[in-house]
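**Q** coords below, sequence missing:
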């Protein structure tokens, strides 16, 4: 295996000998990159002087050597080269071309940021926990990510139903799943069984506002967040069916960046719409800063499709009377037609003409098939009507009966009647087709939905119910890999959709497990009354099996020198010690001299990151002590025909 550390050291030493690349006492990376791009003979000859560098940066052919320019450029753009951190991209976040060059150098534009070429493991397991990022670079650290995305072992299999929790005895293809663990690793582990099967993925990820659960403490927090999202979107898209959608709820802080990122990953041609969702009103304590900012009232839901988009139209209640409906057609049953103005008709029949009165509302509902407004038309029927402008012209066609008067078609009020949801109740009546502005959902009274709460914001069940009605049907598989308080799974359960929920954070009493148990027991909050939810059903729970991750957590919890020394001794004899570490050189006296932060950092760096979790291919290794039951259900998960 190539020793990347040696290559970096040798390359740095070799290049520093060439004074042409030293500007103001420092090695000039831009000058070096420019020479590489133009295949400068002096640079190429210099690189060939070292056998290991020659092997790494050149490919042998029958006619000689070919310089691997892209590999070389990625090495020198990596901050470790000068030195710094593993990344080929600019430290400044901005727009750039796919090869890392500036926008002006290419027409193919994608979003660039530090660590874009890296994998962010993101192993946080408590909402208020902050930790340094664990980055695995896709080019410079292949030895650290070779097995990160392999199938992993899951443990603690349970079924939850009306009788509570019990050991799992059967894993069925249509089971609902709740999986606890790192969502990136879990997504990759689900590919074998669920690739191409998920009809809708909804996520409400951390918004990177500083007030949510994205508690990473690196100074490139924005870059970390983008890397975090990119890694998971790349994994999630492999699970989508050919007629599916992916919906991402986000606020203004990252909306624009996320749109460009998602366009790159999911395809700009697959972008459907950015829904503006009203989440609050400009009132209360918010207005204290009204003279210094524009108050936030909305969030966004980015919708992307895969394959053919199928949408069930959604309608919302028409709260106001449409004053365009000004006429009444009498005599529809007898054929003796008479057109009269609505205002006159109301006066003749002593009906309150106030559109807000109960009497008026009742009248227009009962008479919706004779109240009409004028609709523009073209063609022969317009000509026939204009030829006899004072007569009602009737066309009995294949699609029903159409009426024309004065060169216009009659559009009856009953045409505005559709099924719609008022709060959580299904109704039929005058309604309007919903577009990309959703301002009708009450998001301010969801505190007790599902019997759980999250201080950083759970989402209203109505939002998920609407998305499920629009893009799925009963029996379809839906997924949420940022499950949070469990809204997506709770709504899917009540609406008869199969679901997979992934969550790596622990929320105590507000855990999605508790919410789903409430749902099974007949929870009547949220959309329950609207869908006549009476309880029932079940879900299967499992969590990813940790290996060295347990050691990592103990390091983070260590309090004193004795803790650190005990962990050092354990690490030197463990199975997860990195192959790059020589345990004989771990001097205890030198270790004692380090600060607590340095001890903790060193202990974490001793871990081979491929051993964070147990790989399925190692399930029979006695070292990991996987139970026979766990072996049985993992086999069913991965080896189902």
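**A** Thanks, I have it. The structure displayed is predicted, hence computed values, not measured ones.
**Q** relative to its centre, which residue of this structure is most distant?
**A** What lies farthest from the middle of the chain is residue 336; by Cα atoms, centre = their mean that is 60.0 Å.
**Q** okay, now the unreliable bits of the stretch 451-600 of the chain?
**A** Residues of the stretch 451-600 of the chain that meet the criterion pLDDT under 70 lie in 451-458, 509, 549, 575, 578-580.
**Q** and the helices in it, which stretches?
**A** Secondary structure of the stretch 451-600 of the chain (DSSP state H, counting those that start in this stretch): helices at 461-471, 487-494, 512-520, 548-557, 561-572, 588-592, 596-605.
**Q** same check on the stretch 51-200 of the chain?
**A** With DSSP H, counting those that start in this stretch as the criterion, the stretch 51-200 of the chain has helices spanning 51-57, 69-77, 142-145, 183-189, 191-194.
**Q** sorry, back to before: same list, the helices of the stretch 451-600 of the chain, but as JSON lines with distance to residue 261 and mean neighbour count please.
**A** Every residue, glycine included, has its C-beta placed from N, CA and C. Listed next are those as JSON lines, based on distance: least, Cβ to Cβ, whole Å; neighbours: other Cβ atoms under 10 Å:
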{"stretch": "helix 461-471", "distance to residue 261": "21", "mean neighbour count": "23"}
{"stretch": "helix 487-494", "distance to residue 261": "22", "mean neighbour count": "29"}
{"stretch": "helix 512-520", "distance to residue 261": "27", "mean neighbour count": "22"}
{"stretch": "helix 548-557", "distance to residue 261": "28", "mean neighbour count": "17"}
{"stretch": "helix 561-572", "distance to residue 261": "37", "mean neighbour count": "16"}
{"stretch": "helix 588-592", "distance to residue 261": "42", "mean neighbour count": "11"}
{"stretch": "helix 596-605", "distance to residue 261": "29", "mean neighbour count": "16"}
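**Q** so which of the ones you listed is nearest residue 293?
**A** helix 461-471 (25.6 Å; Cβ to Cβ).
**Q** highest average neighbour count across the helices of the stretch 51-200 of the chain?
**A** helix 183-189 (a mean of 25; mean count of other Cβ atoms under 10 Å).
**Q** what's the distance between stretch 301-308 and the middle of its chain?
**A** 12 Å (Cα atoms, centre = their mean, to the nearest Å).
**Q** before we move on, what about stretch 184-200?
**A** Worked out by Cα atoms, centre = their mean, stretch 184-200 lies 14 Å from the chain centre.
**Q** residues contacting the residue lying closest to residue 331 once chain neighbours are set aside?
**A** Once flanking residues are discounted, residue 331 sits nearest to residue 337: 4.6 Å by Cβ to Cβ, 6 or more residues apart in numbering. For residue 337, the contact set (Cβ atoms under 8 Å, 6 or more residues apart in numbering) comprises 329-331, 391-392.
**Q** helix or strand: which one has residue 382?
**A** Assessed by DSSP states H and E, residue 382 sits inside helix 380-387.
**Q** can you tell me what sits against the helix or strand just after that helix?
**A** Per DSSP H and E, the first helix or strand lying C-terminal to helix 380-387 is strand 393-397. Taking contacts as Cβ under 8 Å, 6+ apart, the residues outside strand 393-397 that touch it are 381, 384-385, 401-405.
**Q** can you pull the buried residues of strand 393-397?
**A** Buried residues in strand 393-397, defined by neighbour count with 16 or more other Cβ atoms under 10 Å: residue 393.
**Q** now that strand, how far from the chain's geometric center?
**A** In terms of Cα atoms, centre = their mean, the centre of strand 393-397 is found 51 Å from the chain centre.
**Q** re the thing from before, from the rest of the structure, what touches the helix holding residue 382?
**A** Residues outside helix 380-387 that contact it (Cβ under 8 Å, 6+ apart): 393, 395, 402, 404-409.
**Q** same question, stretch 527-537
**A** For stretch 527-537, the external contacting residues (Cβ under 8 Å, 6+ apart) are 161-162, 176, 421, 423-426, 461-462, 465, 491, 493-495, 519-524.
**Q** one step back: just give me the lowest mean pLDDT stretch among the helices of the stretch 51-200 of the chain.
**A** Ranked by mean pLDDT, the helices of the stretch 51-200 of the chain end with helix 142-145 at the bottom, a mean of 56.
**Q** for residue 541, which residues make a bridge with it?
**A** As for beta bridges, residue 541 partners with residue 158, residue 178 under DSSP bridges.
**Q** try the one 5 residues further on
**A** Beta-bridge pairing for residue 546 (DSSP bridges): residue 613.
**Q** just the buried residues out of the contacts of strand 393-397, in ChimeraX syntax.
**A** Buried members of those, defined by 16+ other Cβ under 10 Å, are picked up in ChimeraX with:
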select :381,385,402,403,404,405
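**Q** among the contacts of strand 393-397, pick out the one closest to residue 204, please.
**A** The closest of the contacts of strand 393-397 to residue 204 turns out to be residue 402 (Cβ to Cβ; 46.0 Å).
**Q** that's all I had, so thanks and see you.
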